[in-house]
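**Student:** One predicted model, sequence on top.
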Amino acid sequence: MWRTWRDAMEIALYGDGGFYRNAVPRSDHFRTSVHTSLRFADAVVKILTRIDGELRSPARLDFVDVGAGGGELVEAVWRLAPTELRDRLVLTAVEVGDRPSGLTEAARWRSEIPMSIRGLLFANEWLDNVPVDVVVRTPDGPRLVLVDPAGRERCSADLVDGEWLDTWWPLSTVDDRAEVGRTRDVAWACAVRRLAAGAAIAVDYGHVRSARPSAGTLTGYRQGRQVIPVPDGRTDITAHVAIDACAEAGMRAVPGSVEVATQREVLRSLGCDGRRPALDCARTDQVGYLGRLRAASEEAELIDPAGLGGYFWLIHSVGICSPVSLHGTIRQ
């Protein structure tokens with residue numbers, strides 16, 4: 001059966017027997033910043049602490065992890081949060097799959113984002129899995145790309161309404177491809193609307209209008225390897241996020257402070273610099289030196305501009321100053 005990529009992704013990822021419905025740990029298929037190091041969770045705790053200060057230590061402080069996977073980030077935030085913060089912290093993991101065994105009892109497991117959040121909504125590599133239509137430029141104009149269960153493609157007979165494309169991803173050359181990010185814009189706007197006060201942060205690989213890839217970015221991951229995207233329920237299907245379009249959609253939904261920066265910029269501002277410890281430390285404290293060396297290696301991976309450090313952070317603050325101080329490096 002031929003379907004649009006948007007419909008095929010929805011079924012393959014979230015339908016019965018879909019990729020995100022099965023019990024196989026996602027870390028078996030791909031590795032995110034959360035899986036790389038506790039330094040990432042430590043940075044999230046620092047941001048959460050700043051938000052708590054901006055909100056003047058409310059009786060209840062929310063941490064909502066959207067697209068929580070196996071609950072690794074929620075668990076780490078709970079472990080790393082200072083006692084004074086933990087006493088008021090309400091943890092919510094938002095995920096379509098079943099609650100993993102062993103997750104801290106302090107965390108609620110939900111399939112939907114809570115209606116009202118005071119604190120931090122954090123979405124790490126969530127938007128890239130929101131299903132999108134794929135289009136290709138033909139001599140007659142942009143057309144939807146259809147796909148069958150084996151991953152074979154063909155063009156639909158109908159031309160595409162080009163409003164979103166004209167604004168965010170114009171296709172000027174025949175055979176150019178794009179992913180229509182309107183569904184991601186809607187998803188992010190809906191998430192931001194749940195924020196009563198605090199910050200909503202999306203972390204994802206993405207692009208901006210000045211640097212859209214002409215061939216699109218749709219791809220698949222299986223068992224730790226990048227593969228051809230096939231909507232078979234056994235493959236993670238993903239595409240980069242038009243981060244500037246999402247930023248504007250969030251601002252239209254809920255006015256606030258909206259900032260975009262790279263993960264490298266954000267984490268370095270939070271003290272994650274990847275610098276190796278002085279070699280002299282090895283002479284006086286070999287065990288401590290090895291621990292600091294391992295930490296530096298993990299930090300270096302998180303801020304590598306050619307890898308995780310090149311991810312975008314979209315930070316939407318409501319009722320508070322930005323919880324991330326980037327000393328002028330932020331791009332509005």
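**Tutor:** That came through fine. Numbers count the residues shown, from 1 in each chain.
**Student:** Helices of the stretch 201-332 of the chain, start to end?
**Tutor:** 243-253, 263-269, 281-284, 286-303 (DSSP state H, counting those that start in this stretch).
**Student:** Now tell me which of those helices the model trusts least on average.
**Tutor:** Sorting those by mean pLDDT places helix 281-284 lowest, at a mean of 60.
**Student:** Identify each buried residue in stretch 149-165, please.
**Tutor:** Gly151, Val160, Trp164, Leu165 (16 or more other CB atoms under 10 Å). C-beta here means a position set from N, CA and C on the backbone, and glycine is covered the same way.
**Student:** what's the most distant pair in these?
**Tutor:** Gly151 and Trp164 (24.8 Å; CB to CB).
**Student:** all strands of the stretch 101-250 of the chain, in order?
**Tutor:** 107-110, 117-124, 133-138, 141-147, 153-159, 177-180, 195-204, 206-207, 219-222, 225-227, 236-238, 241-242 (DSSP state E, counting those that start in this stretch).
**Student:** To Gly18, which of these lies closest?
**Tutor:** With CB to CB as the criterion, Gly18 lies closest to strand 236-238 of those, at 10.1 Å.
**Student:** Output the contacting helices and strands for the closest one.
**Tutor:** helix 5-14, strand 219-222 (3 or more CB pairs under 8 Å, 6 or more residues apart in numbering; DSSP states H and E).
**Student:** Adding distance to Arg212, write these out as TSV.
**Tutor:** Formatted as TSV, the helices and strands packed on strand 236-238 follow (distance: least, CB to CB, whole Å):
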stretch	distance to Arg212
helix 5-14	17
strand 219-222	16
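**Student:** Least confident secondary structure element in this structure?
**Tutor:** helix 281-284 (a mean of 60; mean pLDDT, DSSP states H and E).
**Student:** hmm, back to that, what's the most buried one of the helices and strands packed on strand 236-238?
**Tutor:** Neighbour counts (mean count of other CB atoms under 10 Å) averaged over each of these peak at helix 5-14, with a mean of 21.
**Student:** what comes into contact with whichever helix or strand comes after that helix?
**Tutor:** Sequence-wise, the next helix or strand downstream of helix 5-14 (DSSP states H and E) is helix 33-36. Residues from elsewhere that reach helix 33-36 (CB atoms under 8 Å, 6 or more residues apart in numbering): 27, 40-41, 69, 72-73, 76, 124, 203, 263, 298, 301-302, 308, 311.
**Student:** how about 7 Å then?
**Tutor:** Ser27, Phe40, Glu72, Leu73, Asn124, Glu298, Glu301, Leu302, Leu308 (CB atoms under 7 Å, 6 or more residues apart in numbering).
**Student:** got a pLDDT number for the most centrally placed residue in the chain?
**Tutor:** Centroid check for the chain by CA atoms, centre = their mean gives Glu125 as the closest residue, at 2.5 Å. As predicted, Glu125 sits at a pLDDT of 95.
**Student:** any idea how far Pro139 is from it?
**Tutor:** 36 Å (CB to CB, to the nearest Å).
**Student:** List the contacts of Leu302.
**Tutor:** Ser33, Thr36, Ser37, Arg39, Phe40, Gln263, Leu267, Cys272, Leu308, Gly309.
**Student:** Emit the ChimeraX select command for whichever of those residues are buried.
**Tutor:** Applying 16+ other CB under 10 Å to the contacts of Leu302, the buried members can be selected in ChimeraX as follows:
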select :33,37,39,40,263,267,272,308,309
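**Student:** remind me which residues of the protein are low pLDDT?
**Tutor:** Residue ranges of the chain with pLDDT under 70: 23-31, 274-296, 327-332.
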